[in-house]
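> give the three-dimensional model of this entry:
(one chain, ligands or ions: 2)
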Amino acid sequence: MNNRSKNNRSVNSRIADFRSYDVAARRAEIVRQTDLTEADIAVYDAADGLTIDQADRMVENVLGVIGIPVGVATNFTINGKDYLIPLATEEPSVVAAASNAARIARGLGGFHASSTQPIMQAQIQLVDVMDPEAARIRLLEAREEIMALANEQDPKLVSVGGGVKDISVRVVSSDQATYVVLHLHVDVRDAMGANAVNTMAEAIADRVSEIGGGHVVLRILTNKADLRLTRVRAVFDAELIGGAEVVDNLIHAARLAELDPYRAATHNKGIMNGISAVVLATGNDTRAVEAGCHSHAVNADGIYSSLSHFEKNADGNIVGTLELPMPVGLVGGATKVHPVAQAAIKMLGVESAEELAGIILAVGLAQNLAAVRVLAGEGVQRGHMGLHARNIAATAGAQKSEIDAVVARLIADKSIRVEHAEKVLAEIRGGN
Ligand SMILES: CC(C)(COP(=O)([O-])OP(=O)([O-])OC[C@H]1O[C@@H](n2cnc3c(N)ncnc32)[C@H](O)[C@@H]1OP(=O)([O-])[O-])[C@@H](O)C(=O)NCCC(=O)NCCSC(=O)C[C@@](C)(O)CC(=O)[O-]
Ligand SMILES: NC(=O)C1=CN([C@@H]2O[C@H](COP(=O)(O)OP(=O)(O)OC[C@H]3O[C@@H](n4cnc5c(N)ncnc54)[C@H](O)[C@@H]3O)[C@@H](O)[C@H]2O)C=CC1
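Ligands and ions are numbered 1, 2, ... in the order given. Take a look at the predicted model:
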């Protein structure tokens, strides 16, 4: 299931035992397989991949930068193509878990992703409208004029096949107030699209109030990007999951997440472990994606619920599915200015925002399956805390050469706590 990169390199995401490579060997492997050159991958040498001058141009009142590790998830095949996927996360076991679940799906075809058109929406809120229902109809009658005025703001977007495709108008009312809210539906192609649609919304606002009446308050993107959905599905091998009993327990665990908001929040956090890590690694807007996902987690009955679904198929394997808004881009925002984000995009070899969205969903589903699988079996502590033990050993003061020995003792003693690590370290240093 190899994939040819843009420069015709062969990407094979199945790199057995990648964990035992040292950092230099991992980089060499990535350079060998992907379009990243040795010069490109050197951005990871700077502690944060970002100079102070670059940071100072990105946000305000800059003091410095914060480093977040970037790891590579292996074993991913998506729509028949292999990917080596950068994840930026401070949490141990996320990269391992995603790689593990991708390995479990790989033999059964990997992940299949698809998306709607990349439609983002802006809202223009009219207040104090005397005749809200009639205003709604007048605005819909002016559809062509409103769309043309909005499209004039972004000839570049229109030239690449995007632009406003439709409008809709809602009357939002309660006992306290009634608002007329016009939505612009904008195809943003390979952009995340917030700046693009906000520019349009501000430009048409006066004309919208002339037609609708009242006056304008809000003219801003909605992060409930429910017209820009990405879907992913994968079959996970029952044997590799741990057998029929773990499969059945996994279904019970997933069902509780559908029924119970307390469980759903944690289940969805596991999904976001994967999603936010790829979104961050590619310089995309984590808050925009997270807000969109949260808004999507409320089901038809108004209950906060699981974002994913797991079912057992006729072969006894698990079929996992995930459908989410995924407003990410390859142009604009930090994707174009952050050197590490650019390296991530080049490593992935993605050609469209839609392809990137499919990868992000696949990692979200993989991370979710991996977590629920261990919860349905041995519990999360062995795998997660085993990897977290490295942090604990370092916190206790272990040097690089001492960490492996301290971690081995913490796991053997089933006590992954700083006080115990300090005791073990003292013993090791004392020759006991
Ligand atoms: C941690 C594992 C994967 C171990 O699982 P394991 O079965 O011991 O793994 P293994 O040693 O048999 O290796 C299997 C594959 O996993 C990967 N792998 C395995 N270890 C590593 C490693 N060190 N570094 C890199 N890759 C690793 C790697 O791909 C490897 O294949 P290989 O390539 O070696 O042939 C498993 O226990 C697991 O998936 N745990 C879930 C961890 C998790 O979800 N972490 C997130 C933090 S917990 C949380 O935030 C959310 C949660 C859990 O509450 C969500 C929820 O409740 O739903
Ligand atoms: N509520 C939110 O989520 C908000 C987010 N933001 C920020 O907005 C930024 C993203 O805005 P964008 O409009 O994506 O950025 P942008 O304005 O930098 O880039 C988009 C522009 O790129 C041009 N373009 C060139 N080639 C294109 C192609 N192939 N496809 C699409 N457009 C192309 C178009 O003119 C388009 O308007 C992010 O940094 C985000 O953090 C800003 C305000 C609110």
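> enumerate the residues of this structure near ligand 2.
By the rule CB under 6 Å from any ligand atom, the part of the chain lying against ligand 2 is 154, 156-157, 160, 162, 188-196, 198, 221, 223, 285, 288, 329, 331-333. Every residue, glycine included, has its C-beta placed from N, CA and C.
> okay but residue 58 is in contact with residue 339, surely?
No. Applying CB atoms under 8 Å, one finds residue 58 not in contact with residue 339, separated by 11.4 Å.
> between these two, point out the one with more neighbours.
residue 339 (18 against 13; other CB atoms under 10 Å).
> helix or strand: which one has residue 167?
Using DSSP states H and E, residue 167 maps to strand 163-173.
> using CSV, list the CA coordinates for that strand.
The C-alpha coordinates for strand 163-173 follow below in CSV (Å, rounded to 0.1, in the frame of the first residue of the first chain):
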residue,chain,number,x,y,z
GLY,A,163,-16.5,31.9,-3.3
VAL,A,164,-20.0,32.3,-2.1
LYS,A,165,-22.2,29.5,-3.3
ASP,A,166,-25.5,30.3,-1.4
ILE,A,167,-27.1,32.2,1.4
SER,A,168,-29.7,31.2,4.0
VAL,A,169,-31.7,33.3,6.4
ARG,A,170,-32.9,32.2,9.9
VAL,A,171,-35.2,34.0,12.3
VAL,A,172,-33.8,33.2,15.8
SER,A,173,-36.3,34.2,18.5
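> in it, what's buried?
Buried residues in strand 163-173, counting neighbours by 16 or more other CB atoms under 10 Å, are found at 163-164, 167, 169.
> so what's the residue nearest to residue 308 when sequence neighbours are not counted bridging to?
Once flanking residues are discounted, residue 308 sits nearest to residue 322: 4.5 Å by CB to CB, 6 or more residues apart in numbering. Per DSSP bridges, the residues bridged to residue 322 are residue 232, residue 308.
> residue 322 contacts residue 360, correct?
No. With contact defined as CB under 8 Å, residue 322 does not count as touching residue 360 (10.1 Å).
> measure residue 264 to ligand 2 for me?
Distance, residue 264 to ligand 2, using CB to the nearest ligand atom, to the nearest Å: 24 Å.
> renumber starting at 8 from here on
Taking 8 as the first residue, the last one we looked at is residue 271.
> residues contacting that residue?
264-265, 304, 311-313 (CB atoms under 8 Å, 6 or more residues apart in numbering).
> give the rounded mean pLDDT of the helix or strand containing it.
Using DSSP H and E, residue 271 sits in helix 268-288. Averaged across helix 268-288, the pLDDT comes to 98.
> dump it to CSV, keeping only the CA atoms.
C-alpha atoms of helix 268-288 as CSV (Å, rounded to 0.1, in the frame of the first residue of the first chain):
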residue,chain,number,x,y,z
PRO,A,268,-22.3,12.8,28.7
TYR,A,269,-19.9,12.0,31.6
ARG,A,270,-18.3,9.2,29.5
ALA,A,271,-18.8,11.0,26.2
ALA,A,272,-16.5,13.9,27.4
THR,A,273,-13.6,11.5,28.1
HIS,A,274,-14.3,9.4,25.0
ASN,A,275,-14.2,12.6,22.9
LYS,A,276,-11.1,13.8,24.7
GLY,A,277,-9.4,10.7,23.4
ILE,A,278,-10.5,11.6,19.8
MET,A,279,-9.2,15.1,20.3
ASN,A,280,-5.8,13.7,21.5
GLY,A,281,-5.2,12.7,17.9
ILE,A,282,-7.0,15.5,16.1
SER,A,283,-5.5,18.4,18.0
ALA,A,284,-2.0,17.0,17.6
VAL,A,285,-2.2,16.9,13.8
VAL,A,286,-4.0,20.3,13.7
LEU,A,287,-1.2,21.8,15.8
ALA,A,288,1.6,20.1,14.0
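> dump the C-alpha coordinates for the following helix or strand past it into PDB.
Proceeding N to C from helix 268-288, the next assigned helix or strand is helix 293-303, under DSSP H and E. The C-alpha trace of helix 293-303 is given here as PDB (Å, rounded to 0.1, in the frame of the first residue of the first chain):
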ATOM      1  CA  THR A 293      -6.800  24.200  17.200                       C
ATOM      2  CA  ARG A 294      -9.600  26.300  18.800                       C
ATOM      3  CA  ALA A 295     -11.500  26.500  15.600                       C
ATOM      4  CA  VAL A 296     -11.400  22.800  15.100                       C
ATOM      5  CA  GLU A 297     -12.200  22.000  18.800                       C
ATOM      6  CA  ALA A 298     -15.100  24.400  18.800                       C
ATOM      7  CA  GLY A 299     -16.500  22.800  15.600                       C
ATOM      8  CA  CYS A 300     -16.100  19.300  17.100                       C
ATOM      9  CA  HIS A 301     -17.800  20.200  20.400                       C
ATOM     10  CA  SER A 302     -20.800  21.800  18.600                       C
ATOM     11  CA  HIS A 303     -21.100  18.600  16.600                       C
END
